Each structure stands twice: as C-alpha cells, then as structure tokens.
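> Here's my sequence, what's the structure:
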Amino acid sequence: MKHFAISVLSVFLFPVLVGAHCEIPCGIYGDEGRFDALLENATTIEKSMNEINKLSGESEKNYNQIVRWVVNKEHHADQIRDIVAQYFLAQRITEPAEGTDAKAYTEKLVALHKIIRTAMKCKQTTDPKNAQTLRDHINAFQVLYNAK
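Modelled structure (predicted):
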C-alpha cells in the first residue's frame, strides 16, 4: 500500500510534460494542426537564424541575445523532430499490409527522414537556406501524406 501511495503522489508531484501528442487514441489532435505547428516552428527557426546573423554582425555584440536566439532555434528544431517522431512516425504512418505495394509508405518514411535531418542541419547552422529547405520538405511530406 505504501508503494501505491508513493506512485500516486509522484504522478501529481512530478508531472511529465507532453510533447507533440499523448500517444493514446484521444482524437483531439489533428493532422492539419501538426502541419501548422511544423511550419510555424520552421518559420521561428528562420527568424532565429536571421536574428543571430544580424546580432553577430554588429560591432558591439549582445551575446546574451545571441544565446537566447540560438536556444530558441534549437528548441524549435527539437519540436519539429518530436512531432515527426511522436505523431507521424509512431502513430500516423503505418506499415503496408503484407503483399501490397510499399512505395507510398517508403516515400513517406524518406520524406520524414529528410525533415528530421534538415531540422538537425538547422541546429548546426545559421544559414536561412536550411530553414527554407526544411519548409520545402514539410510541404512535400504534407502532399504525400494527404494523398494517403
């Protein structure tokens, strides 16, 4: 009984932050909302890159602000990777039935992998071209995904 009480208390005292989705079939989250979030994160990454580049070019650098923009860029790239992994890969993209063509499935996996890799590149650089490539990959995946 003592362990049960501790377990119950820990749920309330140490809540876990939920990422892109709670991974139960609640029906609350929608695909369009996830795509909107992906694109919003990509736009935030691009804004962060532009601010980092601008602040880094000033003669008197405000390192505090530069660091804040770097952290912001990293956070939004991680959010993209979380949505891709937790929502699309874990819950929405399913293996094709045995004996059926896996081409569409493979195309979706490749598209999601491109998103994850480009989000990683956005963490490594401040080149806004990477943010645009990320946005392009998200849009390309959305077309594949909506074709079902």
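> Any stretches of the protein with poor pLDDT?
Low-confidence segments of the chain, defined by pLDDT under 70, span residues 1-27.
> Please repeat the previous calculation with a cut-off of 50.
The chain contains residues with pLDDT under 50 at 4-12, 14-21.
> what about the helices in it?
Secondary structure of the chain (DSSP state H): helices at 2-13, 31-56, 63-82, 103-124, 128-147.
> relative to helix 103-124, how tilted is the third one?
In other words, helix 63-82. For helix 63-82 against helix 103-124, the angle by axes from the mean of the first three to the mean of the last three Cα atoms, to 10 degrees is 170 degrees.
> Give the buried residues for helix 63-82.
Across helix 63-82, burial judged by 16 or more other Cβ atoms under 10 Å covers 66, 69-70, 72-73, 76-77, 79-82. (Glycine included, C-beta is placed from N, CA and C.)
> coming back round to it: ok, which of the helices of the chain comes nearest Glu95?
For Glu95, the closest of the helices of the chain is helix 103-124, at 6.6 Å, according to Cβ to Cβ.
> Quick one: list the elements packing against the closest one.
Other elements packing on helix 103-124 under the criterion 3 or more Cβ pairs under 8 Å, 6 or more residues apart in numbering; DSSP states H and E are helix 31-56, helix 63-82, helix 128-147.
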